[in-house]
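S.K.: please find the sequence and the predicted model below.
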Protein chains: 2
Amino acid sequence: MKIGEAATRSGLSVKTIRYYESIGLISPSERADNGYREYSPIQVDTLHFLQRARATGFSVEECRQLLDLYRNEGRHSAHVKNLVLEKVAQLDQQLQELQAMRGTLMDMADRCAGNEGPSCAIIDQLADSSEGAAP
Amino acid sequence: MKIGEAATRSGLSVKTIRYYESIGLISPSERADNGYREYSPIQVDTLHFLQRARATGFSVEECRQLLDLYRNEGRHSAHVKNLVLEKVAQLDQQLQELQAMRGTLMDMADRCAGNEGPSCAIIDQLADSSEGAAP
DNA sequence: TGTTGACCTTCCATTAACTGGAAGGTTTAT
DNA sequence: ATAAACCTTCCAGTTAATGGAAGGTCAACA
């Protein structure tokens, strides 16, 4: 099948498939006589695998590793599990940071009158200038 | 003072300050006879304001808006508060997505034996191929 | 036969927010 | 004198695509 159908079936865009090929994430596809890319159902499975892995939060580089494991029948499932657990740890870190940021913003909002006046605790807090001078 | 000291005092890097100037986030600084940039304490306050706003999660474009408000004595604090509350809503959205992703990953990990064998529920779930064929 | 429209191709530019490095000028200290 | 520590500009790279231009191909339809 041609790239358009491969895109529809895999859930990736045509552009993204060509991009993945350009960075060597997937191997160059066969070409028909007219130069069009030709995809087998098995290649579409790989594309779909990539779509799901990206949507699950793996980076392209992590996808490259997962793909190697996916293709490698001699893999150890422990290796795959480690990748996933590392990813979870990353997410936990990111969640903590976002939650801290949310707390800061809510504190700011709480201390701000939010009225017609110019006096604003948020601005003051961001400025945090010892002189209190505005530029 | 020169850019190095302005960087130290504001908490931004020298590169970042020059970058902010290049995108017009801050106005071009005065130059000494030798071409070196010259910063006043007031300008450093602005740089510090930017450092804190970025660290708090505002994008550069949002910083541009905040900076206008920061400099504008005729601002309404309601406007500033709205910016902050919008940002909180964005964060809540992002937090939800990350938590969903974390759940998916933990489900995967739980169903994976994590042993020496090649059989791996994670790979199977990512593949999700109706044929079960590996490329 | 012509042409319309939906495909496909490659290549270049852009996004966000910097960071790294090259190549070179200036100042300060030893 | 020269080395270290500054400063300058400019170009390239990062992530993961996306948008668009310019052009080739193919099937259907009047």
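M.R.: That came through fine. Numbers count the residues shown, from 1 in each chain, chains lettered A, B, ... in the order given.
S.K.: the residue nearest to A:Ser77 when sequence neighbours are not counted: how many residues sit nearby?
M.R.: Nearest residue to A:Ser77, sequence neighbours excluded (Cβ to Cβ, 6 or more residues apart in numbering or on different chains): B:Cys120, at 3.7 Å. Bear in mind the C-beta positions are built from the backbone N, C-alpha and C, glycine included. Residues lying near B:Cys120 (other Cβ atoms under 10 Å in any protein chain shown) number 26.
S.K.: ok, B:Cys120 - contacts?
M.R.: Taking Cβ atoms under 8 Å, 6 or more residues apart in numbering or on different chains, we find B:Cys120 in contact with A:Leu69, A:Arg75, A:Ser77, A:Val80, A:Lys81, B:Cys112, B:Ala113.
S.K.: show the buried residues in those residues.
M.R.: A:Leu69, A:Arg75, A:Ser77, A:Val80, A:Lys81, B:Cys112 (16 or more other Cβ atoms under 10 Å in any protein chain shown).
S.K.: adding secondary structure, distance to DNA strand C and pLDDT, write the contacts of B:Cys120 out as CSV.
M.R.: As requested, the contacts of B:Cys120 are arranged in CSV below (DSSP: H, G, I helix; E, B strand; the rest coil; distance: Cβ to the nearest atom of the strand, whole Å; pLDDT from 0 to 100):
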residue, secondary structure, distance to DNA strand C, pLDDT
A:Leu69, helix, 28, 80
A:Arg75, coil, 31, 76
A:Ser77, helix, 35, 82
A:Val80, helix, 29, 85
A:Lys81, helix, 31, 87
B:Cys112, coil, 33, 83
B:Ala113, coil, 39, 79
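S.K.: break chain A into its domains for me.
M.R.: A:3-75, A:94-135 (automatic domain parsing).
S.K.: what's the least confident stretch among those domains?
M.R.: Ranked by mean pLDDT, the domains of chain A bottom out at domain A:94-135, with a mean of 72.
S.K.: close to DNA strand D, is that one?
M.R.: No - for domain A:94-135, no contact with DNA strand D is found by Cβ under 7 Å from any atom of the strand; the gap never falls below 13.4 Å.
S.K.: what sits against A:Leu12?
M.R.: Going by Cβ under 8 Å, 6+ apart, A:Leu12 touches A:Tyr20, A:Leu47, A:Leu50, A:Gln51.
S.K.: end to end on stretch A:52-68, go ahead and measure it.
M.R.: This stretch, stretch A:52-68, spans 15 Å end to end (Cα to Cα, to the nearest Å).
S.K.: what's in contact with it?
M.R.: Contacting residues not belonging to stretch A:52-68 are listed as A:11, A:20, A:23, A:25, A:46, A:49-50, A:80, A:83, A:87, A:91, B:101, B:104-105, B:123, B:125-126, B:128 [Cβ under 8 Å, 6+ apart].
S.K.: quick one, strands of chain A?
M.R.: Assigned by DSSP state E, the strands in chain A fall at A:30-31, A:37-38.
S.K.: now do A:Lys15: how many residues are near it, please.
M.R.: Counted with other Cβ under 10 Å, A:Lys15 comes out at 10.
S.K.: for the one 10 residues further on, same thing?
M.R.: For A:Leu25, the neighbour count with other Cβ under 10 Å is 17.
S.K.: would you agree it is in contact with A:Leu50?
M.R.: Yes - between A:Leu25 and A:Leu50 there is a contact under Cβ atoms under 8 Å: 7.1 Å.
S.K.: the residue of chain A found nearest DNA strand D: neighbouring residues, count only.
M.R.: Nearest to DNA strand D in chain A, going by Cβ to the nearest atom of the strand, is A:Ser59, at a distance of 3.2 Å. By other Cβ under 10 Å, 12 other residues sit near A:Ser59.
S.K.: what are the phi and psi angles of it?
M.R.: phi -70, psi 170 (degrees, to the nearest 10).
S.K.: against chain B, how distant is it?
M.R.: According to Cβ to the nearest Cβ, to the nearest Å, A:Ser59 stands 13 Å off from chain B.
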